[in-house]
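Novice: quick one, what's the 3D model for this:
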Amino acid sequence: MTLIILIIVLALAFDFLNGFHDAANSIATVVTTRALTPGQAVIWAAVFNFVAVFLFGTGVAKTISDKLIDPGAMDTWVVFGGLIGGIVWNLLTWYLALPTSSSHAIISALAGSAITKAGWHVLLLKGWEPVLLFLVLSPLLGMILGYIFMHIVAWITWRTPRHKVEHTFRHLQLASAAAYSLGHGSNDAQKTMGIIVALLVASGHANWTRGQTTFLGHHEIALWIILSCQAAMGLGTLSGGWRVVRTMGSRITPHLHYAGGFSAEFAAAVTIGLATVAKIPISTTHAIGGAVSGVGATRGVHAVRWIWARRVVLGWILTFPGAALIGAAGYEIVHLLARS
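Specialist: Sure, this is the predicted structure:
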C-alpha cells in the first residue's frame, strides 16, 4: 500500500511538472502582448486549468488508462518506470527551454516501460492511430485556424482605428486565454487521471477509482482523483515555466499584438477542444505553437521565425523515442531495485 501511495504522489508530481512545463503555453501570448502581467496571467490560467474537467468530462483519462497499452501488461513497476521517464524528460526539456509535449512524453515513457516488460505486442495500435494522427493534425489545424481567425479579425476591423481595435482585443484576450486554459486543463490533467486509474486497477484497488454522483454531477472517475489532478496541474501552472515563455510568445512570431494573441489562443482552444471531445490526448504545446505561427504568417512568411518553429518540431520528433527510452530505463531500474 505504501508503494501505491508513493507512485500516486509521483503521478501528481508529474502533473505539477506538466502544469509548470506547459505554463508557457497557457500564458505566453497574453504576457507577450502585455494584456496581463506574468503574475496575473498564471493565476488566470491556473483557475481555468482547475475547473476545466468539470466542463469536459474524463474521456481522455479513459483513453490513457486502457486504450493505448494492454491493461494486462500494466503493473506497478510499468507505471513507476513510465512516470520516471515522463518526469525526467519534462525536466530535461524545461532546462533546455524546449517547448515539448508533456502529453506525448508520458504516453511514450509508459509505452517504453511496458515494452521493456512484455514486448511490442502490448501496444494497442488502434488506440494509437488517433494519437499519431493528431500529432500531425494539431499543429497544422492550429496554424490554419490561427491564420483564418487573424484574417477574419483583420477584415472585421479594417475600418476601425487601430487604438480602438487594440483596446477591444486587450479585453477579449482575457476570454481567449481563459478558453485556452480550459482546453489545456481539460486535456492535459486527464493524462495523470488515466495513469492513476491504470495503477489502481493493476494493483487490485479498482474500487478506489469508481465515480460517483455529487453536487458537481456524475463522474466516471472518483472525485478524489479528479480534484487532486486538477489541483496539481493548477499549482504547477501557478508556479510558472518562465524559461519557455519567450520561445512560445515572442521568438516564433515577434511583435504579437492583442488581436493576434486573441486569434492564436482562440485557434488553439478550438483545436484542443475538438481533440478533447474526441477523447484524444494531444499536445497543447503543438496546438498553440502552430496557432502562433499561423497568426504570424498573415503578415507574410518572413514574419515567422521558422528557426524557432523548427526547434518546436525538433522537440516533437525527439519526444517519442527520448521519453520512451528513459521510461524503459526507469522500468529496468525500479524492477532491479524491487528484486534486490
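Novice: angles on the backbone of the residue of the chain positioned farthest from its centre, please.
Specialist: Going by CA atoms, centre = their mean, the residue of the chain most distant from its centre is Arg159, 37.9 Å out. Backbone geometry at Arg159, expressed as degrees, to the nearest 10, gives phi -100, psi 0.
Novice: over to Leu123?
Specialist: phi -80, psi 130.
Novice: quick one, helices of the chain?
Specialist: 2-32, 38-51, 53-56, 59-66, 76-95, 102-118, 125-157, 162-202, 223-239, 242-246, 258-277, 284-297, 306-339 (DSSP state H).
Novice: what does the fourth one contact?
Specialist: The set of residues external to helix 59-66 that reach it, using CB atoms under 8 Å, 6 or more residues apart in numbering, is 71, 107, 127, 186-187, 190-191, 193-195, 197-198, 201, 220-221, 276-277, 279-281. Where you see a C-beta, it was placed from the backbone N, CA and C, and this is true even at glycine.
Novice: generate a ChimeraX selection restricted to the buried entries among those residues.
Specialist: Buried subset of those, written as a ChimeraX selection, criterion 16 or more other CB atoms under 10 Å:
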select :107,127,186,187,190,191,193,194,195,197,198,201,220,221,276,279,280,281
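Novice: surely Gly315 meets Trp94?
Specialist: No - when contacts are counted by CB atoms under 8 Å, Gly315 is not listed as touching Trp94 (11.2 Å).
Novice: for Val197, what are its contacts?
Specialist: Ala61, Ser65, Thr209, Ile221, Ile225.
Novice: try 10 Å this time
Specialist: 58, 61-62, 64-66, 206, 208-209, 220-222, 225 (CB atoms under 10 Å, 6 or more residues apart in numbering).
Novice: which of these sits closest to Ala324?
Specialist: For those, the minimum distance to Ala324 (CB to CB) is 15.5 Å, reached by Ile64.
Novice: winner for burial among the helices of the chain?
Specialist: helix 284-297 (a mean of 30; mean count of other CB atoms under 10 Å).
Novice: elements contacting that helix?
Specialist: On a contact count with 3 or more CB pairs under 10 Å, 6 or more residues apart in numbering; DSSP states H and E, helix 284-297 meets helix 2-32, helix 102-118, helix 125-157, helix 162-202, helix 258-277, helix 306-339.
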